[in-house]
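Trainee: Sequence plus the predicted model coming up.
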Amino acid sequence: MSAGKEARYLTFALTKGRLAKKTLELFEQIGITCEEMKDPDSRKLIFVNEDLKLRFFLAKGPDVPTYVEYGAADIGVVGRDTILEEQRDLHEVLDLGFGACRMCVCGPESARAYLRGPGLIRVATKYPNIAKDYFYNQKNQTVEIIKLNGSIELAPIVGLSEVIVDIVETGSTLRENGLSVLEEVCPISARVVVNQVSMRMENERIMKLLTDLNRAVEAKEA
């Protein structure tokens, strides 16, 4: 990734927390480092690698696709759940493989009958767009979506909903509360997204980055 004198900065929006840490570890494998980001006491908002003309900033997951769509970031790394829920206009270009989990319909075993029946059921979720797409477009089942922000598992236990749509990693929280996975909606993992204009204007630099990242991902999986 040689940066010629005409090169502008490429800006990355990384999801705060584990995804950012894993992303930076992967970047280091392809020779992209940002020492400033390793300082736990830093109060900076923008981190720069001057040699490679790269800038990085951290954002909450749901904000990353917004930054990328509007061009405030050229490239973002975010969970596929967030991409599907936010429905932003951008390119999803690479599966990084980490942060793997599943988006699922969950509930007590007795709720399986509701998922097969014609009756209206209530679905509690943090992901109303994903839930609507799954039930309306894939299952052709009419449901009432109830948006929640906290512990989704509580909803069927207290009778707010028959089922929930939520991310499942190990399933231990479900089992501890008498719930189980009833249907799988889609697999989830960390993805690279690219601004549409950036993909055209900086195609050579971005495609080289994606090629290097893809090689690093494949090497880890081998």
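Mentor: Nice, thanks for sending it over.
Trainee: list the helices and strands the lengthiest helix in the chain packs on?
Mentor: Ranked by residue count under DSSP state H, the longest helix found in the chain is helix 203-221. With contacts taken as 3 or more C-beta pairs under 8 Å, 6 or more residues apart in numbering; DSSP states H and E, helix 203-221 sits against strand 10-15, helix 18-29, strand 91-95, strand 190-194. All C-beta atoms are positioned from the backbone trio N, CA, C, and that covers glycine.
Trainee: Least confident of those, on average?
Mentor: Ranked on mean pLDDT, the bottom entry among these is helix 18-29, at a mean of 94.
Trainee: So what touches that helix?
Mentor: 14-15, 33-34, 37, 58, 61, 77-79, 96, 98-99, 190, 213, 216-217, 219 (C-beta atoms under 8 Å, 6 or more residues apart in numbering).
Trainee: now do 6 Å
Mentor: Leu14, Leu58, Val77, Phe98, Gly99, Ala190, Ala216 (C-beta atoms under 6 Å, 6 or more residues apart in numbering).
Trainee: The closest residue to the second one other than its chain neighbours and Ala100: what is the separation?
Mentor: In other words, Leu58. Leaving out its chain neighbours, the residue that sits closest to Leu58 by C-beta to C-beta, 6 or more residues apart in numbering is Lys16, at 4.7 Å. Using C-beta to C-beta, to the nearest Å, Lys16 is found at 19 Å from Ala100.
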